[in-house]
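Peer 1: show me how the following folds:
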Amino acid sequence: MIFRQLFDDVSSTYTYVLADEVCKQALVIDPVFSRARRDLALLDELGLELALVVDTHAHADHITAAWLLKQKTGCRIASAKAIGAKYVDDYLEDGQLFGVDGVRMKAIATPGHTDGCMSYVLEDQSMVFTGDALLIRGCGRSDFQQGNAHKLFESITQRLFALPDDCLVYPAHDYNGRNVSSIGEEKAFNARVGAGANETDFVEYMMAMKLPHPKLIDEAVPANLRSGCPQDGKLPEEPDWADIHLSYAGVPEVDHEWLEHHMGEVTVLDVRLDEEIKETPAAGVLIDVQIPLDQLRDRVAELPTDKPIVALCRSGRRSAMAVNILREKGFDRVASLSRGLLSVSGH
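Peer 2: Just a heads-up that it's a prediction; the model follows:
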């Protein structure tokens, strides 16, 4: 199975990508709206087709990318029936099996943080995705959004702790750099509900917590009840000057075919060394400006500003850095030639 754990450092949210290596259909758990382009870039680079997006609950600290990913890929959206979110294709109930080709999961109702919290366990019980019900050495708060500490204690101790001790725990958030635990570890060491804590211990602990109100709750929850669809129902703006695709490394790129048909509309910047250019001319590509990468920061004033800039090099590695440098210097219409001159026949 292909498995990736992605992180949003603004909301401390983990997004998970799971796919079968043969079937190549992917499901994504808890995607973040502002990270959708990153997630799509990863799926593209791994050759995966996004078939299903699943949210563990209606998050209060970020907006889901479920609706956005559905618009981009045609995938289905799944979440708990108890949430009642719009644009959902598959409303999940406790015990329901779901998934994509080669990856099957079971939904476990784990309310307490919110009424609509769901955890998702792989069919072989090797991994469980616990949302905000069970965190690493902690748990979700229970003081808003129909939170209930008694329900949460039951969800954790009766539902999640019933899984095998070696089942790996992947939460929706972590604020201390931890990325995975296990059911056995949490039974033994969880600061709120582990080491034999009883319901009174847990409830009193949770009631004594005085946490600040989530900053984005008034914006995030209504948006998440629309599966992340903006109020105006419009997709976010994308670069319109080129057929840009974002690499998983975060670099905007164009391919050689696009550049070949739009050469006069952009400034082509070659960042190779002089000796490289003499040995291997950029056949079929009209170079407008040549500045070696190590000189670019000091020579950006030589670049015209009336057109977008496409940077290139031999492989696309140095031109990716050139794009980063140009963006630092205030150029916003920039891209790298994907795979550089290796993408051009004869190089």
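Peer 1: can you map out the helices along the stretch 151-300 of the chain?
Peer 2: 183-189, 199-208, 217-224, 256-261, 274-279, 296-299 (DSSP state H, counting those that start in this stretch).
Peer 1: give me the sheet partners of whichever helix or strand comes after the last one and which way each runs.
Peer 2: Sequence order places strand 309-312 as the next helix or strand after helix 296-299, per DSSP states H and E. Sheet partners assigned to strand 309-312 using DSSP bridges are listed as strand 267-270 (parallel), strand 334-337 (parallel).
Peer 1: who's in contact with strand 309-312?
Peer 2: For strand 309-312, contacts defined as CB atoms under 8 Å, 6 or more residues apart in numbering pick out 242, 254, 259, 266-271, 282, 285, 303, 319, 322-323, 326, 331, 333-337, 340-341. C-beta: built from backbone N, CA, C; applies to glycine.
Peer 1: now which of these would you call buried?
Peer 2: 242, 254, 259, 266-271, 282, 285, 303, 319, 322-323, 326, 333-337, 340-341 (16 or more other CB atoms under 10 Å).
Peer 1: so which residue of this protein lies furthest out from the middle?
Peer 2: Relative to the centre of the chain, the most outlying C-alpha is that of K278, 42.4 Å out, by CA atoms, centre = their mean.
Peer 1: how much space is there between it and Q290?
Peer 2: Going from K278 to Q290 by CB to CB, to the nearest Å gives 11 Å.
Peer 1: go on, G84?
Peer 2: For G84 relative to Q290 (CB to CB), the value is 59 Å.
Peer 1: higher neighbour count, those two?
Peer 2: Q290 (15 against 12; other CB atoms under 10 Å).
Peer 1: V100: which of the helices of the stretch 151-300 of the chain is closest?
Peer 2: helix 217-224 (22.4 Å; CB to CB).
Peer 1: list the buried ones in the closest one?
Peer 2: 220-221, 223-224.
Peer 1: low pLDDT regions in the chain?
Peer 2: Confidence mapping of the chain against pLDDT under 70 gives the ranges 345-347.
Peer 1: how about 80 then?
Peer 2: 145, 213-215, 283, 344-347 (pLDDT under 80).
Peer 1: can you pull the contacts of the closest residue to L342 other than its chain neighbours?
Peer 2: Nearest non-adjacent residue to L342, counting by CB to CB, 6 or more residues apart in numbering: S315, 5.5 Å away. Listed by CB under 8 Å, 6+ apart, the contact partners of S315 are 339-342.
Peer 1: and the residues you listed, which two are furthest apart?
Peer 2: R339 and L341 (8.2 Å).
Peer 1: ok, M209 touching C139?
Peer 2: No: between M209 and C139 no contact is recorded; they are 10.5 Å apart, counting by CB atoms under 8 Å.
Peer 1: A188 against A195, yeah?
Peer 2: Yes: under the criterion of CB under 8 Å, A188 makes contact with A195 at 6.2 Å.
Peer 1: so what touches the lengthiest helix in the chain?
Peer 2: Longest helix of the chain, by residue count under DSSP state H: helix 317-328. By CB under 8 Å, 6+ apart, the list of residues contacting helix 317-328 from outside reads 247, 249, 251-252, 269, 271-272, 293, 296-297, 300, 303, 309, 311-313, 334-337, 340.
Peer 1: mind doing that once more with 7 Å?
Peer 2: Helix 317-328 is contacted from outside by 249, 251-252, 269, 271, 293, 296-297, 300, 309, 311-313, 334-337, 340, using CB atoms under 7 Å, 6 or more residues apart in numbering.
Peer 1: now R192: how far from F202?
Peer 2: 6 Å.
Peer 1: higher neighbour count, the two?
Peer 2: Neighbour tally, R192 and F202, criterion other CB under 10 Å: the higher count belongs to F202, 23 against 20.
Peer 1: list the contacts for the more buried one?
Peer 2: F202 neighbours (CB under 7 Å, 6+ apart): 149, 153, 192-193.
Peer 1: give me phi/psi at the residue lying closest to Y91 once chain neighbours are set aside?
Peer 2: In space, and not counting its chain neighbours, Y91 is closest to K81: 3.8 Å by CB to CB, 6+ apart. Note on K81: backbone dihedrals following degrees, to the nearest 10 are phi -60, psi -30.
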